[in-house]
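>>> prediction below, plus the sequence it came from.
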Amino acid sequence: MTKTDQNPAESLYQFDAAGALLRTDLPLPRKSGKVRDLYELDDALLVVSTDRISAFDFILPSGIPEKGRLLTQMSAFWFDHLGVRHHLKSTDVPPSLAQRFDVQSLQGRVMVVEKAQVVPFECVVRGYLEGSGWREYQDTGQVCGNPLPTGLRQCDRLPEPIFTPATKAEQGHDENVSIDRMIADLGSELALRLRDLTLDIYSRAARHAQSRGIIIADTKFEFGLVDDELVLIDEVLTPDSSRFWDAAAYAPGAAQPSFDKQFVREWLSQCGWDKQSDPPVLPDGIIQQTAAKYREAYERLT
């Protein structure tokens with residue numbers, strides 16, 4: 001329906017046939033992403049998590065019911081659990097909006113957050129070898145400048161987690177880079193602080209997830225600066241920003257079942273869509289299976 005490097009069409013809060021919230025039109029300055037819409041408040045920002053879902057650089061015409069609420073509540077859990085400075089101030093609908101809009105449609109899917117100067121890199125950490133890291137390892141034996149042992153299989157656990165930053169692209173795909181590129185752009189002090197904080201947060205989150213039977217194979221964090229202090233921003237440790245696997249079913253050597261939009265990707269790859277034209281409407285069964293995976297991840301982790 002909509003390429004992800006374009007903003008979604010302007011419209012009122014709309015629901016698809018499955019009851020999934022797709023988009024909104026609050027009368028405030030805003031920026032629309034793949035899933036979340038960002039609004040200016042007087043002294044803060046309002047983030048609304050919709051039920052939109054993207055795949056292969058397209059925002060799909062079908063949403064996943066309650067996905068936005070689950071992402072918001074999962075991020076709120078992690079912000080509280082991790083014990084690091086973060087940007088979340090409240091998950092309540094601001095009174096100024098509650099007086100003018102249907103609160104029920106917003107309830108549970110908003111975050112009022114502190115304004116910060118966004119660091120222009122995604123801080124990616126990998127504990128297991130999958131995705132673009134697995135492809136790069138097959139070609140070069142390393143991932144983003146991190147040499148790895150020979151003979152690793154797809155989805156193998158790494159000897160220790162590695163930091164693999166990526167540039168934040170306004171359009172198209174983010175680009176994986178080495179920490180040397182990050183140092184060149186940000187300076188060594190800030191880049192190394194970001195690396196150390198990323199690895200520390202991942203380590204603590206991975207221990208918690210393991211205790212709930214879930215492996216965090218990799219994830220990405222975003223940070224901002226407030227008065228020169230690093231602040232964790234955006235969403236945190238959700239199925240949209242992380243690769244979650246069931247620890248009981250983990251079997252390296254092949255792709256693992258995951259708690260995300262795996263069903264959506266697989267169906268789109270097999271349905272005959274050319275991945276160039278407008279994507280098809282998802283079958284109800286695919287929507288429901290995907291929604292169930294998001295909910296299972298939320299309930300097990302929190």
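Structure received.

>>> what separates the most centrally placed residue in the chain from residue 79, distance-wise?
Centroid check for the chain by CA atoms, centre = their mean gives residue 241 as the closest residue, at 2.4 Å. Separation of residue 241 from residue 79 (CB to CB, to the nearest Å) stands at 13 Å. Every C-beta, even on glycine, is put in place using the N, C-alpha and C of the backbone.

>>> with residue 256 instead?
On the measure of CB to CB, residue 256 and residue 79 end up 27 Å apart.

>>> likewise for residue 98?
Here the criterion is CB to CB. By it, residue 98 lies 22 Å from residue 79.

>>> okay, the two: which has more neighbours?
More neighbours surround residue 79 than the other of residue 98 and residue 79, with 22 against 13 (other CB atoms under 10 Å).

>>> what's next to the helix or strand harbouring the more buried one, contact-wise?
For residue 79, the enclosing helix or strand under DSSP states H and E is helix 67-82. Under the criterion CB atoms under 8 Å, 6 or more residues apart in numbering, residues 20-21, 35-36, 48-53, 86, 88, 91, 108-111, 201, 204-205, 208, 232, 235-240, 291, 294-295, 297-298, 301-302 lie in contact with helix 67-82.

>>> with just CA atoms, put that helix into CSV.
Below are the C-alpha coordinates for helix 67-82, written out as CSV (Å, rounded to 0.1, in the frame of the first residue of the first chain):
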residue,chain,number,x,y,z
LYS,A,67,0.0,-4.7,17.9
GLY,A,68,0.5,-1.0,18.8
ARG,A,69,-0.7,-1.4,22.3
LEU,A,70,1.5,-4.5,22.9
LEU,A,71,4.6,-2.6,21.5
THR,A,72,3.9,0.4,23.8
GLN,A,73,3.3,-1.7,26.9
MET,A,74,6.4,-3.9,26.2
SER,A,75,8.6,-0.8,25.8
ALA,A,76,7.2,0.7,29.0
PHE,A,77,8.0,-2.5,30.8
TRP,A,78,11.6,-2.5,29.6
PHE,A,79,12.1,1.2,30.3
ASP,A,80,11.1,0.5,33.9
HIS,A,81,13.0,-2.8,34.2
LEU,A,82,16.4,-1.8,32.8
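
>>> okay, now the unreliable bits of the stretch 101-250 of the chain?
By pLDDT under 70, the weakly predicted segments of the stretch 101-250 of the chain are 101-102, 169-173.

>>> which parts of it are helices?
103-106, 131-140, 179-186, 188-211 (DSSP state H, counting those that start in this stretch).

>>> distance to residue 64 and mean neighbour count added to those helices, as CSV?
Converted to CSV, the helices of the stretch 101-250 of the chain look like this (distance: least, CB to CB, whole Å; neighbours: other CB atoms under 10 Å):
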stretch, distance to residue 64, mean neighbour count
helix 103-106, 16, 14
helix 131-140, 21, 16
helix 179-186, 33, 17
helix 188-211, 22, 16
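
>>> okay, those in TSV with distance to residue 124 next?
TSV is the format used below for the helices of the stretch 101-250 of the chain (distance: least, CB to CB, whole Å):
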stretch	distance to residue 124
helix 103-106	31
helix 131-140	9
helix 179-186	11
helix 188-211	8
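
>>> of all those helices, which one comes closest to residue 168?
Closest approach to residue 168 among the helices of the stretch 101-250 of the chain (CB to CB): helix 179-186, 11.3 Å.

>>> what packs against that closest one?
With contacts defined as 3 or more CB pairs under 8 Å, 6 or more residues apart in numbering; DSSP states H and E, helix 179-186 has these neighbours: strand 121-128, helix 188-211.
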